[in-house]
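Peer 1: curious how this folds, go ahead:
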Amino acid sequence: MTDNAITLFCLFHGTPPSRPFQIIIAKNKAVTDLRNTIKQAKPNDFGTVDADRLQLWKVNIDLDPPSPSPGETLLNDLTADPTLDIRAVLNGQELRNPAKLLVGQNGCWTQDPPQSHIHVIVKVISKQLTERQLLMLRPPSLSYASDSQRKKKSKTTTKSTWARTPISVVHWQNFIHQARIMASNDTTPQYDEPTF
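Peer 2: Okay, here's the model as predicted:
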C-alpha cells in the first residue's frame, strides 16, 4: 500500500462479520468514488443496483479482539435482524457524498484507520415504491400448518380447533421493508395491469 492509499475493510449489512471484503482507494477520493469502487469490486452482489443506492456507514469494529467484543456481538445482532439501526446499534456515521476519505480535519478519517477492523458497512437503499407499485405486487403463496398441527387448540381469536393457521406471518413493522425487497427482485410475480 502506498502513502496515497488507504485500505478499508467493508461488510454488507446483514452478512456475518467473518465475511468482510477489502477495498484499497486513494486518500483524496470522495465518498462517491468509494461507492463506485465497492460496486466494481463486488459486481455479482450488486447486479443492477446503481452505486448511488449504496449507503455507506463508517464504523470501527475490531475483528481480532481477545474475546468476543461488544462490537462483534452487535454485528451478529445486525446479521440476525437487518432492520436494526446502524447509527443507534453500532454508533455508525453515514458517509455522505461531499466528504473526502482522508483529507485532514474535513475527511471521514483524520488518520489511517486501524487494521483488523471493519471500517465501512454497506447497505443497499431500497427503491421507493409508489402506492400503485406496492398494490401490484403479488404476495407469496400462503402456507398453512399441517392437519396434525391444526388439531391442537388454537391461540387465535376464533378459538376454532379447525381454523387454518398460516405458518409464517409478516409483522406490520416489517411489511414495507419486505415489500421493497420483493419489488427489487425481478422474479417477484406481479398482477397484470387492469384493462378497461
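Peer 1: got the end-to-end distance for stretch 47-63?
Peer 2: Stretch 47-63 stretches 28 Å from its first residue to its last (Cα to Cα, to the nearest Å).
Peer 1: give the other helices and strands that the strand or helix carrying residue 9 contacts.
Peer 2: Secondary structure assignment for residue 9, by DSSP states H and E: strand 5-12. Judged by 3 or more Cβ pairs under 8 Å, 6 or more residues apart in numbering; DSSP states H and E, strand 5-12 is in contact with strand 21-26, strand 117-124. The way it works is simple: take the backbone N, C-alpha and C, and place the C-beta from them, glycine included.
Peer 1: pick the most buried one from these.
Peer 2: Ranked by mean neighbour count, these are led by strand 117-124 with a mean of 21 (mean count of other Cβ atoms under 10 Å).
Peer 1: which residues touch that strand?
Peer 2: The contact list for strand 117-124 (Cβ atoms under 8 Å, 6 or more residues apart in numbering) reads 8-13, 17, 20, 23, 34, 38, 46, 49, 53-63, 75, 78, 86, 90, 92, 95, 113.
Peer 1: can you list the strands that the strand holding residue 9 pairs with?
Peer 2: In the sheet, strand 5-12 lines up against strand 21-26 (antiparallel), strand 117-124 (parallel) (DSSP bridges).
Peer 1: related to what we said a few turns ago, nearest to residue 132, out of the helices and strands packed on strand 5-12?
Peer 2: With Cβ to Cβ as the criterion, residue 132 lies closest to strand 117-124 of the helices and strands packed on strand 5-12, at 22.8 Å.
Peer 1: name only those of the contacts of strand 117-124 that count as buried.
Peer 2: 8-13, 17, 20, 23, 34, 38, 46, 53-59, 61, 63, 75, 78, 86, 90, 92, 95, 113 (16 or more other Cβ atoms under 10 Å).
Peer 1: those in helices, which ones?
Peer 2: Using DSSP state H, 34, 38, 46, 75, 78, 86, 90 are the members of the buried ones among the contacts of strand 117-124 that sit in helices.
Peer 1: now do the contacts for the closest residue to the third one other than its chain neighbours.
Peer 2: In other words, residue 46. The shortest distance from residue 46 to any non-neighbouring residue, by Cβ to Cβ, 6 or more residues apart in numbering, is to residue 39 (5.4 Å). When contacts are counted by Cβ under 8 Å, 6+ apart, residue 39 is found next to 46, 49, 51, 54.
Peer 1: surely residue 95 and residue 58 touch.
Peer 2: Yes. Assessed by Cβ atoms under 8 Å, residue 95 is found in contact with residue 58 at 5.5 Å.
Peer 1: what's the overlap in contacts for these two?
Peer 2: The contact sets of residue 95 and residue 58 overlap at 108, 120 (Cβ under 8 Å, 6+ apart).
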